[in-house]
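A.B. asks: Have a look at this fold, sequence not included:
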Ligand SMILES: Cc1cc2nc3c(=O)[nH]c(=O)nc-3n(C[C@H](O)[C@H](O)[C@H](O)COP(=O)(O)OP(=O)(O)OC[C@H]3O[C@@H](n4cnc5c(N)ncnc54)[C@H](O)[C@@H]3O)c2cc1C
Ligand SMILES: NC(=O)c1ccc[n+]([C@@H]2O[C@H](COP(=O)([O-])OP(=O)(O)OC[C@H]3O[C@@H](n4cnc5c(N)ncnc54)[C@H](O)[C@@H]3O)[C@@H](O)[C@H]2O)c1
């Protein structure tokens, strides 16, 4: 442990006595399931048993040194004016999903933990992101199905015309956010995380100030500080947001009205998911995309298929290769005006007039006012620079001792579960176990109907890497049309695609478009995370008839060279 402390350049020497035993006492079955990083929305009850056990332990734990709980002793040395003893082992600035995941895991590891939140617990994901958007998408899915006469007829079903109540749909999204926010808050309170209200900033190494903006008057010290302050919508210059007719996802999620015609600027995740919602609720959509094709972030083959399934049959048109240069909200009886310019030449192409415009052009890190200059850290376009262990780097590229940054604020991967996984990885390190998150194994999903999911590299990325490193790349594909369950559901549209190395059997990337793609991707992402090769998993048995057989077929259809390896773990004999 001490070697670890030295190698990380800690200002304090920390000894862990019995932390491992306190962690393993957390739950009878598995310590990781004792306090999950991101409380599953429906599964809070399941973890309560584990949580209350930890609470009991915390209540009887001797206070020990300030900041010490459950066998943790802090022997701090004053270095560079850093405090000699600490109020907390870990202070997290920002109670979004990243901060929440880190806080739960910190307590599981026996660390005295506080989380500072300047707004409401849950951050973007719970209040203005994943959670309310998935509530709207749930309505979108049902409306689509109930209004798809052709589909229902094929199943032998007849229904009267389906209608929706806009306010009730909006309430569903808002109520869900409130419920999940409560769950997250309770899950932290229950295990003894101190939730401190106010805007936090780093005022010196291992010192955080917090309070009302401009009046931050409370100071706390922590052996380790984690910045988890997230992001806000990025609005390009020239676009005037009034929150009524020109708005970002923050406003759109409130569903205050359904425009007849809405322009969606940007065809990334947010643009695509909202196009699914708006077209299901009756709007016509016009995409404006700066790059040469729609959905430029996806594997091109999946993007093409997505265009065939999610764009062309719907009331959606698009302008690609154009920037929304200037957008003026509707006023004085005039509609929203959008000036389009050619992305390359910057020549004005045309002006669109629409009822509303949703700006979905990416997100900016929320890192202003964090006081990072006090520890010699210079942000890059607002993002906090970190190494592969999420340790913050200073202006000279050196690690800043005891300072980490996770989630959207570091810009490595702007996804809720990535933020949470980074938080867990940091806590593992703080608790004395080295840990590097393999971002290539982190899945992503777009919750359209049908869904799109992916993990690892796209085909062009894999081919570029193969050329650089000199290995061969193969591609396997399976169709949902060959899957009994998908056909039974009359949902045969879809494709799964795997990019792999035929010489080693290594999975480089998997992309799925089809029914429940967001759930199906985990077999592939877990295989990558575990370092399993295709040989390890191609004989795994899948229940019939299930959608998971789409991936079963995919793994089986890979053509491997004779010497393709089985990973060491999988080669061990298994007792049956
Ligand atoms: C419309 C939309 C839909 C999305 N859907 C998905 C999805 O389906 N799946 C997915 O994986 N991701 C999704 N995302 C992305 C996801 O929401 C983010 O990646 C995730 O919220 C990042 O978590 P975070 O903890 O880094 O930051 P955030 O969730 O942004 O939380 C940061 C918190 O820090 C607080 N804070 C900031 N500065 C300070 C300060 N100085 N002091 C104290 N507190 C501070 C903020 O108030 C906030 O509560 C979506 C995003 C949007 C906008
Ligand atoms: N299901 C999910 O996991 C989910 C859902 C929503 C959001 N998110 C996260 O939120 C983040 C933000 O999403 P997003 O969709 O806003 O960003 P994005 O980066 O996914 O897409 C932004 C798109 O806007 C285009 N663009 C930028 N400026 C433009 C301009 N002036 N005119 C026209 N087009 C322009 C870009 O070329 C790009 O295609 C993403 O990083 C994503 O990870 C995830």
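C.D. replies: All right, it came through fine. In this text, all values refer to a predicted model and were calculated from it rather than measured experimentally. Ligands and ions are numbered 1, 2, ... in the order given.

A.B. asks: Output the longest strand belonging to this protein.
C.D. replies: Ranked by number of residues, the top strand in the chain under DSSP state E is strand 215-227.

A.B. asks: and that strand, what's its mean pLDDT?
C.D. replies: Averaging pLDDT along strand 215-227 gives 94.

A.B. asks: That one packs against which elements?
C.D. replies: Helices and strands touching strand 215-227, by 3 or more CB pairs under 8 Å, 6 or more residues apart in numbering; DSSP states H and E, are strand 88-93, strand 199-204, strand 207-212, strand 399-405, helix 416-430. Placement of C-beta: from N, CA and C, glycine included.

A.B. asks: quick one: buried residues of the third one?
C.D. replies: For strand 207-212, the buried set under the neighbour-count rule, 16 or more other CB atoms under 10 Å, comprises 207-211.

A.B. asks: Packing partners of it?
C.D. replies: So strand 207-212, by 3+ CB pairs under 8 Å, 6+ apart, packs with strand 88-93, strand 199-204, strand 215-227.

A.B. asks: Of the ones you listed, flag the one that's most buried.
C.D. replies: Ranked by mean neighbour count, the helices and strands packed on strand 207-212 are led by strand 88-93 with a mean of 29 (mean count of other CB atoms under 10 Å).

A.B. asks: Let me know the helix or strand that the nearest residue to residue 100 once chain neighbours are set aside is in.
C.D. replies: The spatial neighbour of residue 100 that comes closest, neighbours along the chain excluded (CB to CB, 6 or more residues apart in numbering), is residue 184 at 5.4 Å. Take DSSP states H and E as the rule and residue 184 turns out to sit in helix 166-190.

A.B. asks: Could I get the average pLDDT for the helix or strand immediately after that helix in the chain?
C.D. replies: Using DSSP H and E, the next helix or strand after helix 166-190 towards the C-terminus is strand 194-197. Taken as a whole, strand 194-197 has an average pLDDT of 98.

A.B. asks: Neighbouring strands - and their directions - for strand 194-197?
C.D. replies: Sheet pairing of strand 194-197 (DSSP bridges) gives strand 113-117 (parallel).

A.B. asks: Identify all contacting residues around the next helix or strand after the strand it pairs with.
C.D. replies: Downstream of strand 113-117, the first helix or strand assigned by DSSP H and E is helix 123. Defining contact as CB atoms under 8 Å, 6 or more residues apart in numbering, one finds that helix 123 is touched by 94-99, 129, 230.

A.B. asks: try stretch 345-356
C.D. replies: With contact meaning CB under 8 Å, 6+ apart, stretch 345-356 is reached by 245-247, 257, 259-263, 286, 288, 319, 322, 325, 330, 334-342.

A.B. asks: again, 6 Å this time
C.D. replies: Applying CB atoms under 6 Å, 6 or more residues apart in numbering, the contact partners of stretch 345-356 are 245, 259-263, 322, 335-342.

A.B. asks: List just the nearest of these to ligand 2.
C.D. replies: Nearest to ligand 2 among these, counting by CB to the nearest ligand atom, is residue 322 at 6.8 Å.

A.B. asks: Residue ranges in this protein under the pLDDT threshold?
C.D. replies: Scanning the chain for pLDDT under 70 picks out 1-82, 569-576.

A.B. asks: so what secondary structure elements neighbour the helix holding residue 184?
C.D. replies: Contacts defined by 3 or more CB pairs under 6 Å, 6 or more residues apart in numbering; DSSP states H and E place helix 166-190 against helix 44-60, helix 130-147.

A.B. asks: State the number of residues packed around residue 523.
C.D. replies: Using other CB atoms under 10 Å, residue 523 is surrounded by 20 other residues.

A.B. asks: nearest residue to it other than its sequence neighbours?
C.D. replies: Nearest non-adjacent residue to residue 523, counting by CB to CB, 6+ apart: residue 551, 5.1 Å away.
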